[in-house]
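[1] My questions concern the predicted model and sequence given below.
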Amino acid sequence: MLACWQPGPPGFEVECRLSSVSGWSSPIAPEFLMTLRRHLIELLSDAPRSVSSIAREMGLPRRDAEADLRHALRSAVAAGHHVEVVPARCKDCGFVFGDDRLAKPGRCPSCKGSRLFEPQIRLILLLLVCLFVARAVDAQTMRIVNATVVDVATGELRRGSTIVVQGNRITSVGSTTTDSGGQVVDATGVYVIPGLWDMHTHAFFGDSSPDGRDLILPLFIANGVTSIRDMGSSLDEILRARADVAAHTLLGPRMIVSGPMLDGPKVSFPASIAITTPAVGRETVDSLKRRGVDFIKIQSGVPRDAYFAIADEAKKVGVRFEGHVPDAIRASEAITAGQRTFEHLIGIFEASSPDEDKYITDKYDGGTKRPGVFLKTYDPVREARIIQQIAAAGVWQCPTLFWERGQWLVDVVDAANDPDLAYAAKSWVARWPASRASILKGLASDPRPVRSEFVEHELAIIRKLHTAHVPFLAGTDTPAGVDVIPGISLHLELERFVAAGFTPLEALRTATLNPAVFYGKTGDYGSVQAGRVADLVMLSANPLSDIKKTRAIVGVVVDGRYLSSTDLDRLRARLKETAANR
């Protein structure tokens with residue numbers, strides 16, 4: 001943060017504050033700040049002048065005042081900065097001048113003292129300072145030297161690498177570089193992986209919505225999760241947060257969002273829209289598309305006829321639909337309809353049973369679909385058939401394995417002894433006992449040995465899908481459930497993939513390369529290569545030797561902005577304090 005409190009015209013104090021994202025410092029060279037400070041003092045101490053003369057004195061291009069102002073605004077936004085203009089205060093009587101009282105230069109209307117800059121000149125002056133900073137940031141180079149780059153496609157470790165970042169893009173990765181100057185980060189002994197993705201989140205969901213901006217989203221960054229696919233949140237809140245993160249005025253991950261979920265006539269969860277008829281389904285798809293969502297999220301309760309209408313309308317307007325295989329739909333029908341993902345393995349359980357036709361008139365919430373029923377009617381031949389169909393169609397699986405285990409074995413979850421409990425909002429922890437009781441009464445009402453067997457059965461399904469080359473995405477369903485903490489739970493999800501038989505490299509791909517492939521954005525994300533967006537996680541140990549080492553985070557680069565180990569420590573301390581007061 002650059003904060004300047006310098007004397008303005010005699011008798012007045014003028015404050016100019018240039019802030020970067022949520023309190024973490026902008027990578028501006030100290031010598032530049034000294035130059036900027038000198039210019040700022042000179043400009044705020046002199047008599048008012050034209051915008052053009054100010055631009056010339058600061059060494060900016062000679063162009064008309066309006067062009068300078070427009071460029072300043074654009075550059076400020078692109079650099080992730082905002083300018084807070086604090087009205088001048090009369091030092092004689094304390095009167096605060098609002099912008100409407102400063103249409104012309106004049107004396108304090110309260111005590112008739114000292115003159116003040118014309119506000120328009122003052123505002124433009126601040127914007128020109130911002131332009132100067134924005135250009136310096138845009139031109140800033142960061143070099144991460146002596147790093148071991150982890151190639152998540154091949155598993156190769158490229159030791160002694162230098163990663164050059166210009167703005168928010170990686171410009172080169174290699175053993176040598178011709179670039180010089182800028183910020184240098186010594187990464188000796190550090191392993192660098194692409195930024196992580198959590199592909200199933202609910203950042204603004206029900207009672208946890210108030211915690212979205214200042215706890216949930218920053219927790220992702222503190223844990224190296226630089227992008228998320230949000231599968232159900234309050235529409236206005238998630239759209240606002242997505243825009244603010246993109247503008248770098250809010251610390252959080254890049255967001256791919258669905259807005260509210262499409263559910264049945266009786267919705268089961270917050271952030272849901274009740275779909276009662278095919279017409280309502282179509283209207284909802286059209287409305288969400290107009291609002292700018294990235295995809296449509298399907299929940300379990302969507303009626304059968306409405307589901308097919310939603311699928312058809314989504315194709316017409318050019319938006320993907322993803323999520324649960326609804327209770328009333330067969331997995332094979334969802335594949336044919338073009339559903340892009342299956343969440344939680346739903347649909348596969350039903351298709352692996354001779355009772356599938358009966359299940360489409362049943363349901364999980366309030367129905368009889370339970371682990372014991374699925375295990376009792378399990379048919380490996382039918383299972384092999386649906387796996388073959390899924391593989392042939394390339395339907396992505398986001399199994400949320402950590403959440404699944406925590407759901408079926410919720411009575412085993414020992415949240416009180418979780419070493420990361422301090423990051424959970426106090427209000428979340430207070431609600432967990434009720435959530436646990438509700439789950440045990442409904443979904444997890446089978447005896448614990450049956451539920452334990454089903455958890456192992458899910459891992460066996462994962463192994464078979466993986467053997468059939470079905471693609472996977474890592475997702476957590478955070479912060480829903482009990483002790484599923486944002487950011488942290490993604491690392492635990494990777495551990496569950498390894499428990500299912502994935503190698504650490506294969507598990508790592510589900511949260512790095514695979515999301516980039518899923519979105520057709522391998523030129524932007526999913527690897528540490530030239531041209532990619534600079535989303536990086538720096539680790540003190542090799543994650544290919546032990547997937548748990550993805551938690552050994554000593555640095556994060558999010559959209560080109562570097563958070564050092566010290567920055568992360570401060571961020572985590574702040575998040576613990578925030579959680580304790582929620």
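    Done, it's in.

[2] For residue 488, which non-adjacent residue is closest in space?
    In this structure, residue 488 finds its nearest non-sequential neighbour in residue 420, 5.0 Å apart by C-beta to C-beta, 6 or more residues apart in numbering. The C-beta positions use only the backbone N, C-alpha and C, and glycine is treated the same way.

[3] now swap in residue 263 and tell me
    residue 299 (3.9 Å).

[4] Any figure for the gap between the residue nearest to residue 488 and residue 498?
    According to C-beta to C-beta, to the nearest Å, residue 420 stands 19 Å off from residue 498.

[5] List the contacts of the residue nearest to residue 263.
    Taking C-beta atoms under 8 Å, 6 or more residues apart in numbering, we find residue 299 in contact with 232, 261, 262, 263, 264, 267, 268, 269, 272, 323, 324, 326.

[6] filter these to the buried ones?
    232, 261, 262, 263, 264, 267, 269, 272, 323, 324, 326 (16 or more other C-beta atoms under 10 Å).

[7] before we move on, which element is the closest residue to the last one other than its chain neighbours in?
    Computed as C-beta to C-beta, 6+ apart, the closest residue to residue 326 that is not its neighbour in sequence is residue 302, at 4.5 Å. Secondary structure assignment for residue 302, by DSSP states H and E: no helix or strand.

[8] Could you check how many residues crowd around residue 302?
    27 (other C-beta atoms under 10 Å).

[9] now do residue 217
    26.

[10] Could you look up the SS state of it?
    Applying DSSP: H, G, I helix; E, B strand; the rest coil to residue 217 yields a three-state assignment of helix.

[11] same check, this time on residue 193
    strand.

[12] what sits opposite it in the beta ladder?
    Going by DSSP bridges, residue 193 is paired in beta bridges with residue 537.

[13] Just the residues contacting stretch 323-335, thanks.
    With C-beta under 8 Å, 6+ apart, stretch 323-335 has contacts from 231, 258, 261, 264, 296-304, 307, 337, 339, 341-344, 346-348, 350-351, 356, 359-364, 367, 369, 386, 389-390, 393, 395.

[14] The residue nearest to residue 326 contacts residue 261, doesn't it?
    No: the pair residue 302 / residue 261 is not scored as a contact, 9.3 Å apart, by C-beta atoms under 8 Å.

[15] Go through the contacts of residue 299 and say which is closest to residue 512.
    residue 323 (22.5 Å; C-beta to C-beta).

[16] Which pLDDT value goes with the closest one?
    Here the pLDDT value assigned to residue 323 is 97.

[17] Residue 394 too?
    We have a pLDDT of 97 for residue 394.

[18] mind showing which ranges of the protein have poor pLDDT?
    Scanning the chain with the threshold set as pLDDT under 70 gives 1-139, 177-180.

[19] Residue 323 bridge partners, please.
    Bridge pairing for residue 323 (DSSP bridges) gives the partners residue 298, residue 342.

[20] Give me the distance between it and residue 231.
    In terms of C-beta to C-beta, residue 323 sits 7 Å off from residue 231.

[21] list residues touching both of those two?
    Both residue 323 and residue 231 are in contact with 258, 261, 297, 343, where contact means C-beta under 8 Å, 6+ apart.
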